[in-house]
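# I'll drop the sequence and a predicted model, then ask my questions.
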Number of protein chains: 2
Amino acid sequence: MLSKELVAASTVPLVLSVLADDENYGYALIQQVRELSSGKIEWTEGMLYPVLHWMEEQGMIESEWKAADSGRKRKYYRICREGKKALQEEKEQWMSVHTTLAKLWKVNPNSI
Amino acid sequence: MLSKELVAASTVPLVLSVLADDENYGYALIQQVRELSSGKIEWTEGMLYPVLHWMEEQGMIESEWKAADSGRKRKYYRICREGKKALQEEKEQWMSVHTTLAKLWKVNPNSI
DNA sequence: AACATGACATAGCACCGCTAGGCATGTCAA
DNA sequence: TTGACATGCCTAGCGGTGCTATGTCATGTT
């Protein structure tokens, strides 16, 4: 299980990165990130939904209720311009830290 | 300036990584990390010292007062066994997240 | 003497993450 | 048809904590 600090630091960049590919809804984001991370990243709904609301408030993402084929309603989020800018910034920040750690670990920062 | 979440997530792994190379004291750690990160990571004493105390409490590091050549006293920290284990764990956690982000960013692990 | 820098320390509270709980709907087996 | 489970969304509330603001003391410098 990941430390709560690391979860806090990675949630927004992960959401932005996933939504940069395609729109998606909250519940599915949890599954998707779990799979992408091979089960390492286990989000709960209680922590994700408030983050999504906050991100929408910030203008990073926007939402739309849509009925799935089953008739059930889902709230789909998509990234918008502010979000793309934020993602760029998040990437840079992340890479700053990663590069520093990689130096200390004596691994090439460009390799996984 | 880095987000506080990212700072929170990276402080312990950075301290452990730096101390894994060589013992050091708090004030110098701040400078060293600033240089390693090309000025991107700017710690304040007020946030670092409590972290160092907590890490010592956890048994990750141990401290010793030593007089520098000038006669001034400094509190040197060195990593101990628990800290090495913790560092290993931190590395794995960090890489879990980094790998997931790298996938989304379509960074080719073998590039560059 | 006065000031800058080095070096360590922590009280205190504003802030906020997330647990715990709630609601509704679709589906599938028994 | 019923109930169990998965899907899917939401938030009140508070326990825990990060870090600003501040203090101390030593050494070096002007």
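Nice, thanks for sending it over.
# and the lengthiest helix in chain A, which residues are buried?
Secondary structure of chain A per DSSP state H: the longest helix is helix A:81-105. Judged by neighbour count using 16 or more other CB atoms under 10 Å in any protein chain shown, the buried positions of helix A:81-105 are A:83, A:86-87, A:90-91, A:93-102, A:104-105. Just so you know, the C-beta spots here come from the backbone N, C-alpha and C atoms, and that holds for glycine as well.
# do the same with stretch A:31-46
For stretch A:31-46, burial by neighbour count (16+ other CB under 10 Å) applies to A:33, A:36, A:37, A:40, A:41, A:43.
# Wasn't the fourth one part of a helix?
Going back to what we said before, that points to residue A:40. No: per DSSP: H, G, I helix; E, B strand; the rest coil, residue A:40 lies outside any helix segment and is coil.
# show me the contacts for it.
A:2, B:93, B:96, B:97, B:100 (CB atoms under 8 Å, 6 or more residues apart in numbering or on different chains).
# how far away is the third one from residue A:33?
Read that as residue B:96. Computed with CB to CB, to the nearest Å, the distance linking residue B:96 and residue A:33 is 11 Å.
# try the fourth one
Relative to residue A:33, residue B:97 is positioned 10 Å away (CB to CB).
# which residues are in contact with both of those two?
A:14, A:41.
# shared neighbours of residue B:96 and residue A:33, anything?
Residues within reach of residue B:96 and of residue A:33 at once, by CB under 8 Å, 6+ apart, are residue A:41.
# For DNA strand C, what is the nearest residue in chain A?
Among all residues of chain A, residue A:46 sits closest to DNA strand C, at 1.9 Å; criterion: CB to the nearest atom of the strand.
# Just list what the longest helix of chain A packs against, helices and strands only.
Applying 3 or more CB pairs under 8 Å, 6 or more residues apart in numbering or on different chains; DSSP states H and E, one finds that helix A:81-105 contacts helix A:4-21, helix B:4-21, helix B:26-36, helix B:81-104.
# Of all these, which one is nearest DNA strand D?
Across these, DNA strand D has its closest neighbour in helix B:4-21 (3.4 Å, CB to the nearest atom of the strand).
# Stretch A:56-67: end-to-end distance?
End-to-end distance for stretch A:56-67: 20 Å, by CA to CA, to the nearest Å.
# Buried ones in it, by neighbour count?
A:56, A:60, A:61, A:63.
# Verify the contact between the third one and residue A:78 for me.
Which is residue A:61. Yes: using CB atoms under 8 Å, residue A:61 makes contact with residue A:78 at a distance of 6.5 Å.
# Which neighbours do those two have in common?
Contacts common to residue A:61 and residue A:78, judged by CB under 8 Å, 6+ apart, are residue A:19.
# Between the buried residues of stretch A:56-67, which sits nearest residue B:50?
Nearest to residue B:50 among the buried residues of stretch A:56-67: residue A:60, at 31.6 Å, using CB to CB.
# Phi, psi for that closest one please.
phi -80, psi -40 (degrees, to the nearest 10).
# Provide a list of residues in contact with it.
Residue A:60 neighbours (CB under 8 Å, 6+ apart): A:12, A:16, A:79, A:80, A:82, A:83, A:86.
# Run a quick neighbour tally on the first one.
Put plainly, it is residue A:12. Using other CB atoms under 10 Å in any protein chain shown, residue A:12 has 21 other residues around it.
# Tell me if I'm right that it and residue A:90 touch.
Yes: counting by CB under 8 Å, residue A:12 touches residue A:90, with 6.5 Å between them.
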